[in-house]
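S.K.: Build the 3D model from these lines:
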Amino acid sequence: MIIKQIQTRVKKMNLSHIKILRNMGWLFASKVFRIVISLLVSTWIARYLQPDRFGTLQYALSFCSFFIPLSTVQMKPIVTRDLVRSPELADQILGTAVALQFLGGIVAVSLAIGLSTLLASGDAVTQGLVAILSLKFIFTSCQPIENWFEAKVESKFTVFASSFAFIVVTGLEILLVVSQASIWAFAVATVLETLLFALGLILSYQLEGQYVSKWRTNFRQIKRLFDESWPLLLSSTACVLYLNIDRVMLGNMIGTEEVGIYSSAATISESLSFLPLVVCSSLYPTIIRSKALDPHRYTTRLQKFYDLICGLAYGLILILFPLTTAIIVGLYGDDYRSAIPILGIYIWSCLFSFLGLAQSKWIVNEGLQKYNLYSRLAGLVANILLNLLLIPLYQGLGAAIATVISYAIGGYLYFFWIPETRANAALMTKALLLPFRLPSLLRNN
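M.R.: Next up is the predicted model:
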């Protein structure tokens, strides 16, 4: 009986729904595959480079990440929207978007190299690594092709291009470790992955019967694209600074070896960030639809949604916290033992980062996007001030404490200050109190 009901429902699904589900499946499978392999290979690289050189590489990567939003101009949703609305103008849209991103890439490379000479003056290795790594900003100018596939709901081609580049470079990184290559080779490999992805996008685009030679740049549209995308650019820059400023400040205030120790713990915790994304993409459409039907049902489902997100975070903390020693020593080796207490603190950031991500969906649904930017700026300011206070006292452990507190401010506490978000912040508070509410919830069910 159940099988027949499932078959009936599947038959009722139209082709567009099936296409969307397949598209989501490709993206999810690609993300999980990359995360698992990246974590394993990065730990092997960290073991080989040891904390000092690994920290130098992580510092350069974090520094360059500040300029990623500028290199892409953060116009991906705008370009996808334009391609969906006006597919007949695809050649002009793509040509204009690529031209703007190429200009953004040139500016990003120039700023990265210029600022690194100021912040890392006298450190020729760090300056050289930043100069190499920043070259990837030029190759990201081909990213609008990804928007073209997204507009056609054909993400499998993007996944193929991304996976090909990832597999080739991962194999190369393994060879670099085995052959005991220099730190410079790992920086070149990072840039190579961006280049291969760009070439893969172009090849996939050409195989679909499209031609880059037909692209045309409308210089009048460049200003329109920039005018529409600059709020996203500002928000994304704040977010990137928020996520990476701790490593840069730790490197400038203590040294790159401490960055290597800190990064080993942070990488493990940050690798779990895809989990709330999966939950959000699966459940939130139902919550959105319930708003139009019944406000009470909307609030009830929203509370259950936050409870589930916090339950996921608490579950991960309960599993990982007792295993911090085994995880750090098992993955990174004895040279990284000082990262054990850092991981023990850092994993608590999952609670607020997961909840903040879930709440950002509610903000978009309510049309309050500006508060996403303000909350990130609040978290960024708190992170900088706390790092200035705690890093000199506790080094990497201080940076981890600053991260947890700033995530709590930016992803939760800030929203008590805004009247429009205060009621939702109360729902988040109930979710954070889930361990105390759990007995009564189980009795009611």
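
S.K.: What sits closest to Thr80 if chain neighbours are left out?
M.R.: Nearest residue to Thr80, sequence neighbours excluded (C-beta to C-beta, 6 or more residues apart in numbering): Asn147, at 4.5 Å. Every C-beta, even on glycine, is put in place using the N, C-alpha and C of the backbone.

S.K.: shouldn't the one you found be in contact with Val79?
M.R.: Yes. The pair Asn147 / Val79 is scored as a contact, 4.3 Å apart, by C-beta atoms under 8 Å.

S.K.: higher neighbour count, these two?
M.R.: Val79 (27 against 24; other C-beta atoms under 10 Å).

S.K.: Spell out which helix or strand contains the more buried one, please.
M.R.: Per DSSP states H and E: Val79 is located in helix 76-85.

S.K.: May I see the buried residues of that helix?
M.R.: By 16 or more other C-beta atoms under 10 Å, the buried positions in helix 76-85 come out as Lys76, Ile78, Val79, Thr80, Asp82, Leu83.

S.K.: residues contacting the first one?
M.R.: Going back to what we said before, that points to Lys76. By C-beta atoms under 8 Å, 6 or more residues apart in numbering, the contact set of Lys76 is Gln143, Pro144, Glu146, Asn147.

S.K.: Kindly recompute the last result at 6 Å.
M.R.: Contact analysis of Lys76 by C-beta atoms under 6 Å, 6 or more residues apart in numbering lists Asn147.

S.K.: do the last one as well
M.R.: If you count contacts by C-beta under 6 Å, 6+ apart, Leu83 has them with Ala90, Ile93, Trp148, Ala151.

S.K.: The nearest residue to Thr140 once chain neighbours are set aside: neighbour count?
M.R.: Using C-beta to C-beta, 6+ apart and skipping the chain neighbours, the partner closest in space to Thr140 is Ser71 (5.3 Å). A count of nearby residues for Ser71, using other C-beta under 10 Å, gives 27.

S.K.: Check Leu323 too.
M.R.: Using other C-beta under 10 Å, Leu323 has 11 neighbouring residues.

S.K.: Regarding it, what is its secondary structure?
M.R.: helix (DSSP: H, G, I helix; E, B strand; the rest coil).

S.K.: ok, so what distance separates it from Gly344?
M.R.: Taking C-beta to C-beta, to the nearest Å as the measure, Leu323 falls 10 Å from Gly344.

S.K.: surely Tyr242 meets Ala378?
M.R.: No. Applying C-beta atoms under 6 Å, one finds Tyr242 not in contact with Ala378, separated by 9.6 Å.

S.K.: Give me the secondary structure label for Ser377.
M.R.: Quick fix: residue 377 is Leu, not Ser. Quick answer, by three-state DSSP: Leu377 is helix.

S.K.: wait, it sits on Ala238?
M.R.: Yes. Between Leu377 and Ala238 a contact is recorded at 5.3 Å, counting by C-beta under 6 Å.

S.K.: I figured Tyr346 hits Ala400, correct?
M.R.: Yes. If you go by C-beta under 6 Å, Tyr346 and Ala400 touch, sitting 4.5 Å apart.

S.K.: Nearest the middle, which residue of the chain would you pick?
M.R.: A centroid search over the chain (C-alpha atoms, centre = their mean) returns Ser273, at 7.9 Å, as the residue closest to the centre.

S.K.: what's the burial count for Leu302?
M.R.: 23.

S.K.: before we move on, what about Gly105?
M.R.: 24.

S.K.: residues touching the spatially closest residue to it that is not a sequence neighbour, list them.
M.R.: Distance criterion C-beta to C-beta, 6+ apart; nearest residue to Gly105, sequence neighbours excluded, is Phe137 at 4.0 Å. The contact partners of Phe137, by C-beta under 6 Å, 6+ apart, come to Ser71, Gly105, Ala108, Val109.

S.K.: What is the lowest-pLDDT residue among those residues?
M.R.: For the contacts of Phe137, the weakest pLDDT value sits at Ser71, with 81.

S.K.: Just want the phi and psi numbers for the residue nearest to the centre of the chain.
M.R.: Backbone geometry at Ser273, expressed as degrees, to the nearest 10, gives phi -70, psi -20.

S.K.: Starting from Ser86, give me the distance back to it.
M.R.: Per C-beta to C-beta, Ser273 is found 34 Å from Ser86.

S.K.: Equivalent analysis for Ile68, please.
M.R.: Per C-beta to C-beta, Ile68 is found 28 Å from Ser86.

S.K.: ok, these two, which is more surrounded?
M.R.: Neighbour totals were compared for Ile68 and Ser86, and Ile68 leads with 18 against 11 (other C-beta under 10 Å).

S.K.: Run a quick neighbour tally on Pro322.
M.R.: Applying other C-beta under 10 Å, we find 10 residues neighbouring Pro322.

S.K.: quick one, helices of the stretch 101-250 of the chain?
M.R.: Using DSSP state H, counting those that start in this stretch, the helices assigned to the stretch 101-250 of the chain run over residues 124-133, 136-139, 144-151, 155-178, 183-207, 219-253.

S.K.: Now distance to Asn372 too, for those, in TSV please.
M.R.: Listed next are these as TSV, based on distance: least, C-beta to C-beta, whole Å:
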stretch	distance to Asn372
helix 124-133	28
helix 136-139	25
helix 144-151	21
helix 155-178	25
helix 183-207	27
helix 219-253	6
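
S.K.: And this protein, what are its domain boundaries?
M.R.: Per automatic domain parsing, the domain ranges recorded for the chain read 15-217, 245-445.

S.K.: Reformat these as a markdown table; add distance to Leu234.
M.R.: Listed next are these as a markdown table, based on distance: least, C-beta to C-beta, whole Å:
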| stretch | distance to Leu234 |
| --- | --- |
| domain 15-217 | 8 |
| domain 245-445 | 7 |
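
S.K.: For the stretch 301-445 of the chain, which residues score under the pLDDT cut-off?
M.R.: 444-445 (pLDDT under 70).

S.K.: how does it look with 80?
M.R.: Applying pLDDT under 80 to the stretch 301-445 of the chain flags the ranges 361, 364-369, 438-445.

S.K.: can you give me the helices in it?
M.R.: With DSSP H, counting those that start in this stretch, the ranges of helices along the stretch 301-445 of the chain come out as 324-332, 340-346, 349-366, 370-394, 396-411, 419-432, 434-444.

S.K.: and Gly122, which of those helices is closest to it?
M.R.: Minimum separation from Gly122 across the helices of the stretch 301-445 of the chain (C-beta to C-beta) falls at helix 370-394, 20.6 Å.
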